[in-house]
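Enquirer: Got a sequence here, can you build the structure:
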Amino acid sequence: AFHRSVIRSDVRLDYPQVDRIFAGAERAQEPWAASLDAARAVARALAARLGASTIEIPDGEKARYHAAAVLASNFPVVLLALAERVLMGTGIDADQARRALRPLFHAAAENVRSRTAADALTGPVVRGDVGTVRAHLEALRDDPESLDAYRVLARAAIDVARQAGTDATKLAEMRELLG
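Expert: Residues are numbered from 1 along each chain as shown. Coordinates of the predicted model:
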């Protein structure tokens, strides 16, 4: 199977977006393996001609491939919605919250476009700023869903921050704080 990997919130796909598709292809299964492998070669050539990239999904890993795509494409939207909710909890209206947070969202996406996660990560975790993380946990104590998301993502950010060279002692202190 040939799976397109492009984010669309509607059903239309324009040509510039086709050019950015990253497609995953599963291995063909017997008894059709030979003919499907030939079809896959044609699909790869077509993808290359369109300027798209392809990867081969190892046997049995389609669900993990799809989970990775969901983490990268669906959950940033959910994360932005959570951030807007947290900001609205301060009394800022929804429109202002969106206008305040969307530039941050776009800047983060742009940073990671051309850099590794370790080079693109910003914020208190990569700075080793335990005090700020502590303050954030306190500020979110009345919003269990946002607090849980913050804890999970901050723990994941610790691993990225370690790759960025953040002080290991600060990261250990932070991991202890996050639970």
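Enquirer: show me where this structure has helices.
Expert: 15-18, 33-50, 62-73, 75-88, 94-114, 117-120, 124-127, 130-139, 144-163, 168-178 (DSSP state H).
Enquirer: Turn those helices into a markdown table, including mean neighbour count and distance to Glu56.
Expert: Glycine gets a C-beta too; all of them are placed from N, C-alpha and C. Shown next, in a markdown table, are these (neighbours: other Cβ atoms under 10 Å; distance: least, Cβ to Cβ, whole Å):
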| stretch | mean neighbour count | distance to Glu56 |
| --- | --- | --- |
| helix 15-18 | 10 | 20 |
| helix 33-50 | 13 | 8 |
| helix 62-73 | 12 | 10 |
| helix 75-88 | 15 | 25 |
| helix 94-114 | 13 | 24 |
| helix 117-120 | 15 | 23 |
| helix 124-127 | 20 | 33 |
| helix 130-139 | 15 | 40 |
| helix 144-163 | 16 | 26 |
| helix 168-178 | 15 | 35 |
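Enquirer: What distance do you get for the residue most central in space within the chain to His136?
Expert: In the chain, the residue lying closest to the centroid (Cα atoms, centre = their mean) is Ala72, at 3.1 Å. Here Ala72 is placed at a distance of 24 Å from His136 (Cβ to Cβ, to the nearest Å).
Enquirer: Then Ala45?
Expert: In terms of Cβ to Cβ, Ala45 sits 49 Å off from His136.
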